[in-house]
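S.K.: quick one, structure for this:
(chains A and B)
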Amino acid sequence: GAVVSQHPSRVICKSGTSVKIECRSLDFQATTMFWYRQFPKQSLMLMATSNEGSKATYEQGVEKDKFLINHASLTLSTLTVTSAHPEDSSFYICSTDGSSYNEQFFGPGTRLTVL
Amino acid sequence: RKEVEQDPGPFNVPEGATVAFNCTYSNSASQSFFWYRQDCRKEPKLLMSVYSSGNEDGRFTAQLNRASQYISLLIRDSKLSDSATYLCVVNIRRGSARQLTFGSGTQLTVLP
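M.R.: Sure thing, here's the model as predicted:
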């Protein structure tokens, strides 16, 4: 399967700062990537679908001006959490749409803690 | 109502036990079905796809009942390494996109 990396793996920041998370598809050209968020003891919730060369599609309730997504190439999508607040502290995971109909390949996740 | 519902557990079973997890989904347009495994503070990893005909992979057996919108996972001869959260996942086509919807997971702890 495809290999997906995320950077950074962990970030701690002060309230009000912006944090950029990178998601890279290392051996697969991903026209579509997905960004999820997972709070403790809860399930993964899809935040947005990132499409290479076009605007991301956000799920209901996700602020597009707060969670900026850029998918500038077939191997890189970035999620920027702008003016982060403690309630944004979560586990952020990206995935690529696999070559087969069924599978998505997940990155290792980024754990964000906002103080 | 959640789109994918699972019993959160926790299930605490002794090594060697057989354990079964159940899941129901609400969207009849769901097209494909999976069980993922997620270890603590890690990303989910695909365990197996689920088909109406049922499928088996070693100690793991998955079953789908489309009429009842019900999915199951059976783990035989549990190992300590099976301890994890098991996520029931449904793939729904929305327009041109395919989206995975995750259940909240069932926590399994296999005890020595």
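S.K.: who are the contact partners of residue A:19?
M.R.: By C-beta atoms under 8 Å, 6 or more residues apart in numbering or on different chains, the residues touching residue A:19 are A:11, A:13, A:80, A:81, A:84, A:112. The way it works is simple: take the backbone N, C-alpha and C, and place the C-beta from them, glycine included.
S.K.: name the nearest residue to it, ignoring sequence neighbours.
M.R.: Leaving out its chain neighbours, the residue that sits closest to residue A:19 by C-beta to C-beta, 6 or more residues apart in numbering or on different chains is residue A:81, at 4.7 Å.
S.K.: for residue A:75, same thing?
M.R.: residue A:25 (4.9 Å).
S.K.: counting neighbours, what do you get for that neighbour?
M.R.: Per other C-beta atoms under 10 Å in any protein chain shown, the neighbour tally for residue A:25 reads 24.
S.K.: go on, residue A:40?
M.R.: 8.
S.K.: so which residue is dead centre in chain A?
M.R.: Closest to where the C-alpha atoms of chain A average out (C-alpha atoms, centre = their mean) is residue A:35, at 3.6 Å.
S.K.: got the phi and psi for that residue?
M.R.: For residue A:35, the backbone dihedrals are phi -120, psi 130 (criterion: degrees, to the nearest 10).
S.K.: still on that earlier bit, so which of the contacts of residue A:19 wins on neighbours?
M.R.: Busiest of the contacts of residue A:19 [other C-beta under 10 Å] is residue A:81, holding 24 neighbours.
S.K.: which ones are touching that residue?
M.R.: Neighbours of residue A:81 in contact, by C-beta under 8 Å, 6+ apart: A:18, A:19, A:20, A:21, A:66, A:67, A:88, A:92, A:112.
S.K.: neighbours of the closest residue to the fifth one other than its chain neighbours, how many?
M.R.: This means residue A:66. The shortest distance from residue A:66 to any non-neighbouring residue, by C-beta to C-beta, 6+ apart, is to residue A:82 (5.5 Å). By the criterion of other C-beta under 10 Å, residue A:82 has 15 neighbours.
S.K.: residue A:68 too?
M.R.: 16.
S.K.: and residue B:37, by the same measure?
M.R.: Residue B:37 has 19 neighbours, counted by other C-beta under 10 Å.
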